[in-house]
Structures are given as structure tokens and as C-alpha cells.
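**Student:** predicted structure and sequence below. I'll ask about it afterward.
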Amino acid sequence: MAQVLSFQLFLSSSGPTKPLKSHKRTRKFTSISTYTKGPPGPVKKIHKLNLEVSPHRAVSAVRLMRIEMGGAFADLLNEKGKGSGDNEMGYVERTLGFRTKDLDDRDLRLVTDIVGGTIRWRRYLDHLIGSMCHDQSTFRNMEPLLLQILRIGFYEIVKLNMPPYAVVDENVRLAKVALRVGAGNMVNGILRKLVSLKENNSLPLPRLEGDDRAQARALATLYSHPVWMVRRWTKYLGQEEAIRLMMWNNSNPTFSLRANNAKGFTRADLVMRLDLLKVSYKVSLNLDQFVCIKTGMQIVIQAGLLKQGLCAVQDESAGLVVSIVDPQPGEVIIDCCAAPGGKTLYMASQMNGQGIVYAIDINKGRLRILKEAAKLQQVDSVITTIPSDLRNLAENYPLKSDKVLLDAPCSGLGVLSKRADLRWNRKLEDMEELKNLQDELLDAASSLVKPGGVLVYSTCSIDPVENEERVEAFLVRHPEFHIDVVDKYVPSDFMTKRGYYYSDPVRHSMDGAFATRLVRAL
Ligand SMILES: C[S@@+](CC[C@H](N)C(=O)[O-])C[C@H]1O[C@@H](n2cnc3c(N)ncnc32)[C@H](O)[C@@H]1O
């Protein structure tokens, strides 16, 4: 906490974007050096263009600090223009205390890969780093920036199989410039030890042995997930499937793009543009407007396809939920937890400018994003946003409809390959809280459904407690609803025995998601 405070002090008097006067800056960086526990080394390097340090590593280290330390570190950054080379270098300067050359496209890609991979493999990497320190207290008390630099080095050597001595050199240099010579020496010693153990095939990794708990702990380290997730998945899926799921979560994510018909842009147009951009793709076999890309998202972004509203990034698993709602021109649809609008916008694009989608969400900021995207994608004429807690909606808006979608807040356990840090932020206790919220939201959403109308409940979770169990409990509380099986709307391969929709990350190679179609009696 003291470390965080020293950073906040550094921030609060200067603000992240304003240049500092040099005498003030000296004082501020003294504060940083308290944080890094070293002598005030960075002071003399401010504004010096440090060509010795590879820019993508410096940016990766700072971004990892930001993600791990959350708010305290995020405040340091000027979020405007996030992702642009200028901004990235700005925050390296403000945080590490030196400038380096600007990032090119290749550097930007490397940053994404290194940051994503280092976060995913954090538990595994920390296990190795810890076992190569003199004792556990050295590891536990390690200053945060030094730890990030080591994680990057370990990830590059063990998981990316990069030439080890180049990795050692580069990370030692970064530690020396960003921290101090002693830190560089420590990185050197630890990384060299790792290289030698790896070359002898003797990395100190846990064995899969002992009772269930011991095995769960070993798997959690080997596949880098929290122990509670491993235990849960082993219980629901069995050990082999749980391992496959963790391997999927650790792989580089695949993205899907939806061509925006509302702007007269078809999948054939999208495919033509991707060919021109030399981005390889696969057309979706499940959804007419979708294509899947493994790499090249940066190229798509830079070509302006998203900014022009010609297409949207949307996972097929989410697109299939919209297929289950089955929006038709002229309908009135209530989207109960709509922001940031992925499903609202797709539904609206299918309505040919006729009908209305009420987009409700408790989060005004996220609803604003939805509104802007709706304009960009030219579907704003059929969308009305309502900022409200769904549970209090009826007091102010007497809404009723034949089609209601509740895409509930959930653990996100189906999207861990895309959301690298989510696994470390979720706690077992969250599941209980979410379960209660989901029940309350289901009750509220059901009151908006007209007799004979449909309620679609969906999540981006693979956890039965948030999915099947919520539906079964709802049906006990609301016998006026019954299940409408989903195979009329999605390929039967996605239908469970009970008639629910379920996309399995491993089997379907997309995010995990769940949905059910519930019909209210007349
Ligand atoms: C899974 S996200 C929805 C994603 C969205 N349907 C999409 O496709 O982009 C869940 C949303 O529920 C909203 N939410 C949470 N609690 C709510 C409540 N009590 N009333 C209304 N919205 C709520 C959150 O703000 C969040 O935007």
C-alpha cells in the first residue's frame, strides 16, 4: 500500500500529462525511488532518449504494472489515445523515467503478445522465479517492476522459446536503466540460472501426484490458473477436459468480425477487404455475416474498418445468442443488460430500420459507448437507451414486450482466452454474489415479457451455477414459463440435452457462452 501511495503522491500534484518542472521532478522521482526501493537512479535519465532499451519491453513492463496495480497505476497514464505509439512512450517516460524510440507496428504486436502471455502464465512464471530466488522472502518482497521484468524474461525464454542470451541481455539492460545496476545484476543471475535449467531439461515444476487438493495445486501451477477454478472444472468436467480448457485459455485468442449489413456492407465485401489487406480468415459456418481471424486484428483496426462502422468485433458465441433471440423487422425488443452493446447493435442491424430495441443498462458510461457505436454503425434510429437498474425499471418505465433479452452480468469464465487478466481478478466468493444478482435480474426481466412472449437468458460463462442452475431455479419460481429448445435457431451441435444453447470453447473453438429461450404461457 505504501508503494501505491508513493505513486499516487507522484501523480496527484502533477497530473499524468503535464510536463514537470525539473526541480519538482527530482522530488517526485525520489518518491518513485522509495517505491522501487533503490537509489534515485531514474532522475538523471529523464528525457534522455535511451536507445539501448528495446521499446516494446519497456512498454510491456509498464503496462503489466498498470494491469496488476490497477487504479493507482492507471492514474499515471493518459488514457486518451491509448495504444498509440506516442502515448505508450509517454507513459514509459512518466513511469520509468526515460524515453526510448517510438514503437512501430511490430513493437505494438510484440507488446500485445508479451503482456497477454505474461499475464496468462503468471502463476507458472512466479513459481519458477520463486524457486530460483535464494529464499521465498526474496521473491515475496521483490519490488514490482523488477518482478515484471523477470516475468517478461521468463516468459520469453520458457514459453516463446526466444534465443535465451539475447533475452537475458535485453532484460538486464532494462532493469539497469529503469531501476539500478544491482537490479540488472539480479536479473542476470536469475535468468542465467533459468537458461541453464531449461537447457538441461530440469525446470523445477510440480508433479501431478497426491490427493485431489495436491493435484489441483499442481495443475494450477502447470497450467497457470487459480486453484479454485481447477477444482471447479475438475469436478464438472473431469481432469482431462479441465486441462484442455486451461490449454485453450492459455492459447492466443481468435477474433470474429461481423460485417455490418445496416451500412450495406456484406460479408463478401468484408472478405474482399481482408484479401486486399492480406489478413487470413475463415468464414463462419454458423453465422452468415461473420468471419474469424487468428492474427491481423491490428491491420484491420489500422485500415479503419471498425472506425467506419463497416464491421464490428463480435465473437461467434455472442452472435449465436442473437440468433436465439431471432430479431425481426418491426419488433419491439427489450435488451435488459445491453451495454456496451454488442448484441443490441447486431439485433438492431437485423431490423431493416423498422421496430425498436430498448437498451437498458445500469452503467451510464457504457451506455454512452453503445450510443456512439449505434451512430457509427447506422442503427441508432431503432435503438432507445434507458439508463436504469433493471430491478427498479418497472417503477419508471411501463415497458412490456414479446421479446426480452437478459445478457446477465457473470463471471466471464467462458472468455478467459480473450480476457487474460480476468482469471486473477475473479474470486470464488464472486460466484455466490453473481448468482443472487442473476436471480434478481431474471425475475425483473420476466416481468417485462408479455403473455406468449419470449425471454432469452444468456451469459458468457461456462459455469453450471450461472447457467443451467439459474434457469432451473427460475422455472421453479415462475411456472408460467417453459423452455423452448434452441435447435430451431442455432446448429444442433450447440444444443444441450435440456434444449439450452452452450458453446464449448474447446469443442467449438470460440468463447464459452450459454443461453436459453423461455416462453411465457398465454
Ligand atoms: C455481460 S454485460 C452485457 C454485455 C452486452 N449485452 C453486450 O452484448 O455487449 C452485463 C451488463 O449488465 C449491466 N448490469 C449489471 N447490473 C445491472 C442492473 N442491476 N441493471 C441493469 N444493468 C445491469 C452491466 O453494467 C453490464 O453492462
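**Tutor:** Cool, got the structure.
**Student:** buried sites along stretch 444-458?
**Tutor:** 444-446, 448-449, 453-458 (16 or more other Cβ atoms under 10 Å). For the C-beta atoms, the positions are set from N, CA and C on the backbone; glycine is no exception.
**Student:** would you mind listing what in this protein touches the ligand?
**Tutor:** Residues of the chain lying near the ligand by Cβ under 6 Å from any ligand atom: 318, 337-343, 360-363, 366, 389-391, 407, 409.
**Student:** give me the subset of the residues you listed lying in strands.
**Tutor:** Among the residues of the chain next to the ligand, DSSP state E puts 360-361, 407 in strands.
**Student:** looks like residue 257 contacts residue 300 (just checking).
**Tutor:** Yes: assessed by Cβ atoms under 8 Å, residue 257 is found in contact with residue 300 at 6.9 Å.
**Student:** name the residue in those two with the higher neighbour count.
**Tutor:** Remark: of residue 257 and residue 300, residue 257 carries more neighbours, 26 against 21, as counted by other Cβ atoms under 10 Å.
**Student:** that's a strand at that one, yeah?
**Tutor:** Yes: assessed by DSSP: H, G, I helix; E, B strand; the rest coil, residue 257 belongs to a strand.
**Student:** quick one, what contacts it?
**Tutor:** 270, 281, 290-293, 300, 305, 311-314 (Cβ atoms under 8 Å, 6 or more residues apart in numbering).
**Student:** over to residue 370?
**Tutor:** 338-341, 344-345, 359, 361, 383, 385.
**Student:** and if we set it to 6 Å?
**Tutor:** Neighbour list for residue 370: 339-341, 359 [criterion: Cβ atoms under 6 Å, 6 or more residues apart in numbering].
**Student:** give me the spatial nearest neighbour of the residue in the stretch 151-300 of the chain that the ligand sits nearest to, chain neighbours excluded.
**Tutor:** Ranking the residues of the stretch 151-300 of the chain by distance to the ligand (Cβ to the nearest ligand atom) places residue 258 first, at 11.8 Å. Nearest residue to residue 258, sequence neighbours excluded (Cβ to Cβ, 6 or more residues apart in numbering): residue 314, at 4.5 Å.
**Student:** turn the contacts of residue 370 into CSV, including distance to residue 220.
**Tutor:** As requested, the contacts of residue 370 are arranged in CSV below (distance: Cβ to Cβ, whole Å):
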residue, distance to residue 220
339, 33
340, 32
341, 35
359, 39
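**Student:** which one of those is nearest to residue 153?
**Tutor:** residue 340 (35.7 Å; Cβ to Cβ).
**Student:** you'd agree that closest one is up against residue 369?
**Tutor:** Yes: counting by Cβ atoms under 6 Å, residue 369 is a contact partner of residue 340 at 4.6 Å.
**Student:** pLDDT below threshold where in the stretch 351-500 of the chain?
**Tutor:** Nowhere does the stretch 351-500 of the chain drop to pLDDT under 70.
**Student:** show me where it has its strands.
**Tutor:** 356-361, 383-387, 401-407, 449-459, 481-484 (DSSP state E, counting those that start in this stretch).
**Student:** could those strands go into JSON lines alongside distance to residue 190?
**Tutor:** Below are the strands of the stretch 351-500 of the chain laid out as JSON lines (distance: least, Cβ to Cβ, whole Å):
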{"stretch": "strand 356-361", "distance to residue 190": "47"}
{"stretch": "strand 383-387", "distance to residue 190": "51"}
{"stretch": "strand 401-407", "distance to residue 190": "45"}
{"stretch": "strand 449-459", "distance to residue 190": "42"}
{"stretch": "strand 481-484", "distance to residue 190": "56"}
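**Student:** how about those, which one is nearest residue 125?
**Tutor:** Closest among the strands of the stretch 351-500 of the chain, using Cβ to Cβ: strand 449-459, at 30.3 Å.
**Student:** now find how far off-centre the closest one is within its chain.
**Tutor:** 29 Å (Cα atoms, centre = their mean, to the nearest Å).
**Student:** what angle separates it from strand 401-407?
**Tutor:** 20 degrees (axes from the mean of the first three to the mean of the last three Cα atoms, to 10 degrees).
**Student:** what's in contact with strand 449-459?
**Tutor:** Here strand 449-459 has contacts from 321, 324-325, 400, 402-408, 410, 445-446, 466, 514-520, 522, using Cβ under 6 Å, 6+ apart.
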